[in-house]
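**Student:** Predicted coordinates and the sequence they were generated for:
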Amino acid sequence: ADVLSRPIYEQAEALLKERSLDKALALFLEAQAICDASDAPPLGKVKGPPAETKASEDASNATTKAKPAAASEHFSTQEPPSVTLPAPGSEGHRNAKTTTGENTPAVTYAVNDDAVLQAHLKRTGGAYVTRFPPEPNGYLHLGHAKAMHFDFNVATLAPNGKTFLRFDDTNPTGEKQEYIDSIIESVRWLGHKPARVTYSSDYFEELYNLAVKLIENDKAYVCHQTKAETLASRKLVQAFHHKTKDMTREEKYATPLPQGAESPYRNRPIAESLRLFADMRRGLFAEGEVVLRMKGDLRSDVTAMWDLAAYRVILKAHPRTGDAWCIYPTYDYTHCLVDSLEDITHSLCTLEFARRQAPEGSYYWLLDALDMYKPVTFEFSRCNVTHNVMSKRKLTKLVELGLVDGWDDPRLLTLEGLRRRGYTETAINRFCHDLGVTKSERVCVPYSRLEYYIRNELGDVAPRRFAVIDPIKVVVTNHPGESSSPEIDVPNHPAHPEMGSRKLRFTPVVYIESSDFKREDVKGYFGMAPGKTVRLLYSFDVTCDSIVDDPKDPGGKPLEIRCSYNPDSFGQKPPKGTLHWVGSDAVKADEVRVYSSELFTTEEPGKAPVNGAVADGGAAPAALAAVDDEDQEDEDDEEGGGGAKSDWLTELNGASKEAYANALLEPALAAECRVPEKHFQLQRRGYFVSDRRLTAEGKLVLNMTVSLKESGFTKAVRK
């Protein structure tokens, strides 16, 4: 095995040096599979596949490369997480967020009052309590699967732990019951069992009353600044921070803010803000006319402390509360408060929330201002995959522009799209488990790594079937006739005889793939050509004697190929060329779809290649405006942080989907494909699944899940 795999490793290492990361990983995994399947001892140590395309050194210690089990084997979604978190009631829980070294803040809001913490522990019984909090404005994607895996597994660190599925439904603009239903189904499909399903809207009255208390404590005010005026104020605050960046904290806080940096409404009387906030609830203001702002700290280095909006006017009905409200809390206001109200012990978020959830950030500032219990917070890297997008904003645009076939398009990395493509919950959970949890800021996983898990799972369990997706007619001129067609016993899985067999009829007319025929034979080509003999898989040798051309397209695809067969060749040593085929009793599919693993032509869509360093980490003016007035859930942020941008839509791969309307399926396959989500290996093609939506509508549609492993033979056939 070592002798066989070492050349593959060496080729992969060469590709790695050239930064051809996707190809390198595929070769690493192929070599690893050879070694895993062998009982022979290794001759020497070799390097494994890279974990990510960027920051792989930081993430590699949290990544394993275990070969997934077959689908029939149980894989528990409850696996211990690969990070250490403070236990409920520990010192790390009392001091809910700490930093060390130069990052230690001068002020912290993250310390729990002992009496408040003890009351929390009494309510929870000291158990771990986590939450998975999607916003119902789209379908879940692979990044959510990773977050779910972490959230639910942390709750299992001690007995009686629980995880809530909490819908962050604070913005009725894009929220739909369709999305809520899809999210609940995706969570169930992955095997997670929430202790409760909750909604932020369950707490709207409590959140409103807490906002009133915040105003009464002079920690919030009603503001009438327009977006343009807010942006101008933020630019002045940013200029102040640039000017004072080398000052000590004492010097900085002794320096006056520039005129106009503060909202002119920041110091209005408390009674006036209380009256105006009540008027907001009564519907006396138009959208964009007024907001309630948290009175944070404009001198703080944490931009989330710069007086974020807590409530805004949205004159739209809510999916659950209807027209009961015309003001809605923002994510920054709601998130920490509902975490506290639900007694969450560990609030786990992706890295873009790190500054908000810093000890001196807005998450803990707000809880401190209201004397509320403070959960532990922990941030981890997002899951990005090459040649795809997982920003919900971008996914929404692809759907709304009709560039994909809905949220469950098999090319998308939404969970519904992956499921429709044929990915199993087992493969996705194993991918998330082995990916681990890291704090690397830029983690972009090669798509081939995701393919590895489903290919290995289906390799053992998917029955083999014949289908010709782009057929060309072959007439067997010396066939004894339809009634004398031999029945051939064909194994359902050559490596697993216990899976049985089925019968195929070798009829006077058969069909092969158009790509398996050339008008002229060439060296190294193993398909059919004039005068050449090939084996029809599990059947007879046939020799191409002549071609019948289409008079409308002479020299193009033939109307038919005329062959003779050797009846004595059955069971004998085959020639080099072996082709899959179907007989005249094959069933025409409505459609067979072949998908590329590359929805986009670039590894990181929207990220233009740049030379030199990227800009510093300071917030850009546009970001400042967005941070102020918009909900800032992780789905709305761009993948991977800063860097030069490109027009990501121009990088869409126009060849990411090929649909075949004339595909022919062997009879057994056609019958089995009437059941949604049945997996098969179409021999010499790849792994396919019956479409879960269209099959239920009575259509015969197959989607390609993943290709077969590339081999020298299949490469030669396609030359």
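**Tutor:** Yes, it's here.
**Student:** contacts, neighbours, all on C-alpha from now
**Tutor:** Fine.
**Student:** in the one helix or strand T396 maps to, what's buried?
**Tutor:** Here T396 sits within helix 392-400, counting by DSSP states H and E. If you call a residue buried by 16 or more other C-alpha atoms under 10 Å, then helix 392-400 has these buried ones: K392, K394, L395, T396, L398.
**Student:** can you pull the pLDDT of R593?
**Tutor:** R593 is assigned 97 on the pLDDT scale.
**Student:** Near E251, how many other residues are there?
**Tutor:** Look at E251: counted by other C-alpha atoms under 10 Å, it has 10 neighbours.
**Student:** what's it in contact with, if anything?
**Tutor:** Listed by C-alpha atoms under 8 Å, 6 or more residues apart in numbering, the contact set of E251 is empty.
**Student:** ok, it to G361 distance?
**Tutor:** To G361, E251 is 21 Å away according to C-alpha to C-alpha, to the nearest Å.
**Student:** In three-state terms, label D301 for me.
**Tutor:** coil (DSSP: H, G, I helix; E, B strand; the rest coil).
**Student:** check contacts around it.
**Tutor:** Contacts of D301 (C-alpha under 8 Å, 6+ apart): H241.
**Student:** do the same with R562
**Tutor:** V474, V475, V476, T477, C544, D545, S546, I547, V548.
**Student:** top of these by neighbour count?
**Tutor:** Neighbour counts for these (other C-alpha under 10 Å) peak at V474, which has 24 neighbours.
**Student:** Can you tell me which of the buried residues of helix 392-400 is nearest G459?
**Tutor:** Using C-alpha to C-alpha, the shortest approach to G459 within the buried residues of helix 392-400 belongs to L395, at 30.9 Å.
**Student:** any chance you could map the helices in the stretch 351-500 of the chain?
**Tutor:** 362-369, 392-400, 415-421, 425-435, 447-461 (DSSP state H, counting those that start in this stretch).
**Student:** Give me the angle between the fourth one and helix 447-461.
**Tutor:** Orientation of helix 425-435 against helix 447-461 (axes from the mean of the first three to the mean of the last three C-alpha atoms, to 10 degrees) gives an angle of 130 degrees.
**Student:** How about residues contacting stretch 572-585?
**Tutor:** Against stretch 572-585 from outside (C-alpha under 8 Å, 6+ apart): 466-468, 504-513, 516, 526-528, 533-537, 541, 664-667, 683-684.
**Student:** Only the buried residues of that stretch, if you could.
**Tutor:** So stretch 572-585, judged by 16+ other C-alpha under 10 Å, has buried residues P574, G577, T578, L579, H580, W581, V582, G583, S584, D585.
**Student:** That one: end-to-end distance?
**Tutor:** 25 Å.
**Student:** ok now it, how far from the chain's centre?
**Tutor:** Its chain's C-alpha centre and that of stretch 572-585 lie 39 Å apart, by C-alpha atoms, centre = their mean, to the nearest Å.
**Student:** just stretch 218-227 next, same as before
**Tutor:** That offset, for stretch 218-227, works out to 37 Å (C-alpha atoms, centre = their mean).
**Student:** Could you tell me the average pLDDT over that stretch, please?
**Tutor:** 97.
**Student:** Is L337 in a helix, a strand, or coil?
**Tutor:** Per three-state DSSP, L337 ends up helix.
**Student:** Please name the residues that touch the nearest residue to it once chain neighbours are set aside.
**Tutor:** Excluding the flanking residues, the one nearest L337 by C-alpha to C-alpha, 6 or more residues apart in numbering is L367, at 6.8 Å. Contact analysis of L367 by C-alpha under 8 Å, 6+ apart lists C336, L337, S340, Y373, K374.
**Student:** so the third one touches M372, yeah?
**Tutor:** So the one you mean is S340. Yes: counting by C-alpha atoms under 8 Å, M372 is a contact partner of S340 at 6.9 Å.
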